[in-house]
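Student: return a 3D structure for these sequence lines:
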Amino acid sequence: MKILIAEDDDRLRKNIVHMIKREIHQVEAVDNGQDALDYAQYNEYDLLILDWMMPKLSGIDVCKEVRKRGYTGGILMLTARDDTADIIQGLDIGADDYLVKPVKMEELLARVRALLRRKDKPIEQVIQVEGFLLQLDSRILLRNNEAIELTKKEFLLLEYLFINKGRVLTRDQISLHIWGYDQDISNNALDALVKLVRKKIDENKRKSIIQNVRGIGYKLRDSYV
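Tutor: Numbers count the residues shown, from 1 in each chain. Next up, the predicted model:
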């Protein structure tokens, strides 16, 4: 996924770029609205994250203009304005979601994931791996057409692995997706969660579909036999 971030606060912009890159997305960043508009015109982005108040052009102006030019990807507004009328204005001119500052990184990442899961984005809504079918919108996992009951964190683990099937994900990336930015999570907590999920989904297979990559993290196994 390719994401453009337009935010004039240097520290916040760098933090957002860092966190989203850890989610394995391509990220470009600018510090003013005019650059955001120019970048959006000549590049294809799955999501724009726009600060409401920026030099040269406001985020609202950028949002309105890119929609006029045919941009159909997601738009997330960052704003210090929490007045209902302002929020409605942003949504009415084409924003998909908004987040009021100060920004909590785990909430920002959750909003980004939600926007990238929308059905007009290239992330599959139903992901099939071997005998498993993961339905992202309804948060249901089927194994051979039988539903497996999962907790929220168990689903988030599988969601991240299925979306990134074929990739090795680090422990930090997985923990961030499940518990968020501000949580201090030990390796034992992640290992315990993986163990619980394996117990639910692997039946009597010799190998788990969740493969441990020593010293790095986890991935979905290429061949589940």
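Student: grab the most central residue of this protein for me.
Tutor: Of all residues in the chain, the one closest to the mean position by C-alpha atoms, centre = their mean is residue 113, 2.6 Å from it.
Student: which helix or strand contains that residue?
Tutor: Taking DSSP states H and E as the criterion, residue 113 maps to helix 105-116.
Student: quick check: buried residues in that helix?
Tutor: Going by neighbour count (16 or more other C-beta atoms under 10 Å), the buried part of helix 105-116 is 105-106, 108-109, 111-113, 115-116. The way it works is simple: take the backbone N, C-alpha and C, and place the C-beta from them, glycine included.
Student: partners of the helix or strand that that helix is followed by in the sheet?
Tutor: Counting by DSSP H and E, the next helix or strand C-terminal to helix 105-116 is strand 126-129. Looking at strand 126-129 with DSSP bridges, its partner strands are strand 132-135 (antiparallel).
Student: quick one: contacts of the partner strand?
Tutor: 125-128, 140-143, 145, 158-159, 162, 201, 209 (C-beta atoms under 8 Å, 6 or more residues apart in numbering).
Student: tilt between the helix or strand in which residue 4 is found and helix 105-116?
Tutor: Secondary structure assignment for residue 4, by DSSP H and E: strand 2-6. Strand 2-6 runs at 130 degrees relative to helix 105-116, counting by axes from the mean of the first three to the mean of the last three C-alpha atoms, to 10 degrees.
Student: what packs against whichever helix or strand comes after strand 2-6?
Tutor: Downstream of strand 2-6, the next assigned helix or strand under DSSP H and E is helix 10-21. Here helix 10-21 touches strand 2-6, strand 26-30, helix 105-116, going by 3 or more C-beta pairs under 8 Å, 6 or more residues apart in numbering; DSSP states H and E.
Student: one step back: and the strand holding residue 4, how far from the chain's centre?
Tutor: Between the centre of strand 2-6 and the centre of its chain there are 13 Å (C-alpha atoms, centre = their mean, to the nearest Å).
Student: quick one, strands of the protein?
Tutor: Assigned by DSSP state E, the chain shows strands spanning 2-6, 26-30, 47-51, 74-79, 97-100, 126-129, 132-135, 140-143, 146-148, 169-170, 210-213, 217-220.
Student: can I get those in a markdown table with mean pLDDT?
Tutor: Conversion of the strands of the chain to a markdown table gives the following (pLDDT from 0 to 100):
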| stretch | mean pLDDT |
| --- | --- |
| strand 2-6 | 93 |
| strand 26-30 | 92 |
| strand 47-51 | 94 |
| strand 74-79 | 90 |
| strand 97-100 | 83 |
| strand 126-129 | 82 |
| strand 132-135 | 88 |
| strand 140-143 | 90 |
| strand 146-148 | 91 |
| strand 169-170 | 84 |
| strand 210-213 | 91 |
| strand 217-220 | 90 |
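Student: since that was my last question, I'll sign off now.
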